[in-house]
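Novice: quick one: sequence and predicted model below, then my questions.
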Amino acid sequence: MNSRTEHAHAGTELRTALAQWRVSTRDDGGCGWSVVTVPLVDGTTVWISNHDSAADFTTGSHTGWLAVAYPDMGRCPEEFTEIYRSHSADFARDTAELVAVVVQFAGEHGGSGV
């Protein structure tokens, strides 16, 4: 990885990778956390971050992705399914694997683009 890519914003890189598959995303966050969200047609929302609930880190400090799917954020946000977890420092490979999982999951839930 060169110094330019090591300092790239992981959340931005992830959103770009998902957009190449026509998966719509949003940046979301609150007090001490930031995530990339993927709203799906059936109402499911996928949250993606590192293991510290952050997506606003540099790619050079990547230590793995976590993706969880919430079936109904408005009704019961404590119910979720983990769809991807890794502990890889290889940002490019880990992100490609995550994107493949999210694309497949989105297809099973009516797609994205909400």
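Specialist: Arrived safely, thanks for sending.

Novice: leaving out chain neighbours, which residue sits closest to Ser53?
Specialist: In space, and not counting its chain neighbours, Ser53 is closest to Trp33: 3.9 Å by C-beta to C-beta, 6 or more residues apart in numbering. C-beta: built from backbone N, CA, C; applies to glycine.

Novice: quick check, central residue of the chain?
Specialist: Centroid-nearest residue in the chain: Ile48, 2.9 Å away (criterion: C-alpha atoms, centre = their mean).

Novice: name the residues of the helix or strand Leu98 falls within that are buried.
Specialist: Assigned by DSSP states H and E, Leu98 falls within helix 91-108. Within helix 91-108, the residues that count as buried by 16 or more other C-beta atoms under 10 Å are Phe91, Asp94, Thr95, Leu98, Val99, Val102, Val103, Phe105, Ala106.

Novice: check the gap between Glu79 and Thr45 for me.
Specialist: Going from Glu79 to Thr45 by C-beta to C-beta, to the nearest Å gives 12 Å.

Novice: alright, calling it a day.
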